[in-house]
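Trainee: got a structure for you, letters missing:
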């Protein structure tokens with residue numbers, strides 16, 4: 001009896017110590033609170049954030065996107081639009097410029113076009129793309145890009161992609177370099193179609209012309225980009241003109257900026273620049289009729305095809321369009 005009692009009395013303090021240790025551990029956990037995710041959110045919130053990040057669309061490099069698009073531009077593949085189709089795309093662009101994407105979408109859908117938005121990878125700006133809903137461009141009507149970060153203030157026009165080598169790259173880089181731009185890109189080679197029907201710089205019955213005219217009617221200055229072979233005007237890097245209009249501030253800034261970049265510039269309002277003055281350009285004549293500033297820029301091949309030289313041109317043009325009319 002005495003031995004059992006001694007053993008029981010020895011076990012009681014040990015059990016008490018175990019209970020006290022357990023209570024101390026529980027109090028410590030309570031003081032610290034529930035376990036936290038390293039990010040500061042609970043496991044459920046962290047999972048939701050991870051899923052949202054995975055679902056978010058990736059930024060789009062506009063230059064790469066346009067390169068992929070123009071890779072399909074060939075001498076074939078052009079369908080002339082009828083007046084209603086031209087008007088529908090132009091009205092859709094007008095609505096997008098006015099900040100009415102739903103209306104723009106309805107107008108564009110009626111002719112097989114659509115409006116989508118993405119974040120442009122280099123500029124970081126929200127951008128709208130107006131393009132054939134198929135994702136390709138079987139009719140060759142072209143695409144339009146709008147900077148959604150600020151009200152539209154100017155347009156870049158590329159009437160002869162591929163034909164005038166790398167003017168499409170120049171247009172994309174200029175659009176990224178200066179806020180408030182609208183990039184209008186033709187969708188067919190200038191020799192596609194019949195009877196010059198795809199040479200949009202010299203036709204007023206194209207989607208390209210309808211869109212450029214809609215923007216000019218809003219008073220947006222335009223810069224149209226072209227290319228020439230060096231033997232067309234030896235010793236000249238660039239020709240700047242206002243087509244059928246009168247040279248104004250934007251034309252002067254364009255020529256001055258290119259000259260400051262070390263280029264030999266022919267100013268068509270001061271000297272003869274051969275057949276590169278753009279006086280027969282349809283979009284130039286339309287802008288001149290409205291008194292809207294418009295610039296026709298012809299560039300020698302190296303200024304378009306060499307990335308470093310093209311960057312100098314882009315900087316000069318960006319400065320010109322950012323300086324007002």
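Mentor: Great, that's in hand. What you are looking at is a predicted structure, and each value in this text was computed from that prediction instead of being measured. Residues are numbered from 1 along each chain as shown.
Trainee: who does residue 132 bridge with?
Mentor: residue 113 (DSSP bridges).
Trainee: Check what pLDDT it gets.
Mentor: Per-residue pLDDT puts residue 132 at 97.
Trainee: For this structure, give me the ranges with low pLDDT.
Mentor: 1-56 (pLDDT under 70).
Trainee: Contacts only, for the closest residue to residue 166 other than its chain neighbours.
Mentor: Spatial nearest neighbour of residue 166, chain neighbours left out: residue 304 (4.2 Å); criterion: CB to CB, 6 or more residues apart in numbering. From N, CA and C alone the C-beta is placed, and that goes for glycine too. Taking CB atoms under 8 Å, 6 or more residues apart in numbering as the contact definition, residue 304 lies against 164-167, 169-170, 227, 310, 313.
Trainee: Narrow these to those that are buried.
Mentor: By neighbour count, with 16 or more other CB atoms under 10 Å, those hold 164, 166-167, 169-170, 227, 310, 313 as buried.
Trainee: Mind checking which of those residues are in strands?
Mentor: residue 227 (DSSP state E).
Trainee: And the strands in the stretch 101-250 of the chain, which stretches?
Mentor: All strands of the stretch 101-250 of the chain, identified by DSSP state E, counting those that start in this stretch, fall at 113-119, 126-132, 143-147, 154-158, 181-185, 222-228, 238-241.
Trainee: The third one pairs with which strands, and in what direction?
Mentor: Looking back up the chat, that one is strand 143-147. strand 126-132 (antiparallel), strand 181-185 (antiparallel).
Trainee: Report the inter-axis angle for the longest one versus strand 113-119.
Mentor: Angle of strand 126-132 versus strand 113-119, following axes from the mean of the first three to the mean of the last three CA atoms, to 10 degrees, is 150 degrees.
Trainee: mind listing what's buried in strand 126-132?
Mentor: Buried residues in strand 126-132, counted by 16+ other CB under 10 Å: 127-132.
Trainee: In TSV: those residues, plus distance to residue 80.
Mentor: Output for these, formatted as TSV (distance: CB to CB, whole Å):
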residue	distance to residue 80
127	28
128	26
129	23
130	19
131	18
132	15
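Trainee: What is the nearest of these to residue 65?
Mentor: Closest to residue 65 out of these is residue 129 (8.0 Å), distances taken as CB to CB.
Trainee: I'd say that closest one and residue 145 touch.
Mentor: Yes. If you go by CB atoms under 8 Å, residue 129 and residue 145 touch, sitting 5.7 Å apart.
Trainee: got the buried residues for the helix or strand hosting residue 251?
Mentor: Assessed by DSSP states H and E, residue 251 sits inside helix 249-260. If you call a residue buried by 16+ other CB under 10 Å, then helix 249-260 has these buried ones: 250-259.
Trainee: same for it, what does it pack against?
Mentor: The contact analysis (3 or more CB pairs under 8 Å, 6 or more residues apart in numbering; DSSP states H and E) places helix 249-260 against strand 238-241, strand 265-267, strand 294-300, helix 307-321.
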